[in-house]
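1. With the input below, show me the fold.
(one chain, ligands or ions: 1)
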Amino acid sequence: MEDRKAQLREEFNEWADAGRGEGMRKGHWDMTVQTIEKMELAGDETVLDLGCGNGWAVREMAKLLPDGKALGIDISEKMIEEAREKSENTDNIEFYVASADELPFDDNSVHHILSAESFYYYPELEPVVEELHRILTSGGTVWCLVDLYKENRYSMTWPEKLDVPVHALGEPEYREVFEQGGFKITGQERVVDRRPIDEERFKPGWGTPTFKDYKEYKSLGSLLTVARKTFSES
Ligand SMILES: C[S@@+](CC[C@H](N)C(=O)[O-])C[C@H]1O[C@@H](n2cnc3c(N)ncnc32)[C@H](O)[C@@H]1O
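-> Numbering: from 1, shown residues only. Take a look at the predicted model:
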């Protein structure tokens, strides 16, 4: 487990050095923004972005939290360095270098958790879900967004191409992971990018050699699973 975490840290430090934090902001933008809209934040909550990359979604959520706080954690210290640099002069944001299964937060201290395109990297999901349950308030929610899932056959070409191992789960398995950790599933849906697809800018990608494939891949959307912590803990 520690070896796998070291591998993830190294891999995503390389991504940060290569400027891929910004690439992810552009690529994940619309599905993540839609998810944040669905969270219907009241403005005074504490919200965590798990696997926050360069922190762009934390900054988006912070704008909606004038009386609350937006937290971000990432296993890559270089991603967090960039996140902090990009968030100077913002007093309702905090970033931490941490692994998703060992979070630097008190029990029952976070109202909502967003995780965008990060969950499938965690070496073991059970301890992560347990940790999320620990830090959430009763009634708190997890918003888990993934574009790598079984029902999107195009994304099933990625695991063998990525330099780190990933979980290739499907919709029922995502529900089970949270249910087994004591959560109630309150929703599961596909979130489709609302931005127009421009054929002139198309480049062949993993699993999408043609524009037709790419359009079909995009039409399937990202899988959003919403899980709620349903009982009070003493
Ligand atoms: C594909 S990126 C997505 C980043 C960001 N959520 C976004 O949408 O731009 C996945 C992120 O998850 C982080 N990550 C991977 N494994 C992690 C772990 N075990 N704990 C915390 N973060 C992790 C990586 O360092 C990386 O920044």
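2. quick one, strands of the chain?
-> 46-50, 69-74, 93-97, 110-116, 136-146, 183-191, 222-229 (DSSP state E).
3. Any residues of this protein in contact with the ligand? List them.
-> Residues of the chain found near the ligand (C-beta under 6 Å from any ligand atom) are 5, 8, 12, 24-25, 28, 32, 51-53, 73-76, 79, 99-100, 116-118, 121-122. C-beta coordinates here come from the backbone N, C-alpha and C atoms, glycine included.
4. Could you tell me which of those residues belong to helices?
-> Among the residues of the chain next to the ligand, the residues falling in helices (DSSP state H) are 5, 8, 12, 24-25, 28, 32, 79.
5. Any chance of those in TSV with pLDDT, neighbour count and distance to Ile185 as columns?
-> Formatted as TSV, those follow (pLDDT from 0 to 100; neighbours: other C-beta atoms under 10 Å; distance: C-beta to C-beta, whole Å):
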residue	pLDDT	neighbour count	distance to Ile185
Lys5	96	16	27
Leu8	97	21	27
Phe12	96	23	29
Met24	91	19	26
Arg25	92	18	28
His28	94	21	23
Thr32	98	24	20
Met79	98	27	29
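6. give me the number of residues near Thr230?
-> 12 (other C-beta atoms under 10 Å).
7. contacting residues around it?
-> 138-139, 182-184 (C-beta atoms under 8 Å, 6 or more residues apart in numbering).
8. PyMOL command for the buried members of those residues?
-> Selection of buried members from these for PyMOL, criterion 16 or more other C-beta atoms under 10 Å:
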select buried, resi 183
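9. Need the pLDDT of the residue of the chain most remote from its centre.
-> Within the chain, the residue lying farthest from the chain centre (C-alpha atoms, centre = their mean) is Glu200, at 29.4 Å. If you check Glu200, the pLDDT there is 90.
10. and the gap between it and Phe211?
-> Counting by C-beta to C-beta, to the nearest Å, the gap from Glu200 to Phe211 is 10 Å.
11. One more: Pro204?
-> Remark: distance between Pro204 and Phe211 (C-beta to C-beta) = 9 Å.
12. Have a look at the two and say which one is more surrounded.
-> More crowded of Pro204 and Phe211, by other C-beta under 10 Å: Phe211, with 15 against 11.
13. and the residue nearest to that one when sequence neighbours are not counted, how many neighbours does it have?
-> With C-beta to C-beta, 6 or more residues apart in numbering as the criterion, Phe211 has its nearest non-adjacent residue at 4.8 Å, and that residue is Phe202. By other C-beta under 10 Å, 15 other residues sit near Phe202.
14. Run through the residues that contact Thr90.
-> Contact partners of Thr90, counting by C-beta under 8 Å, 6+ apart, are 59, 62.
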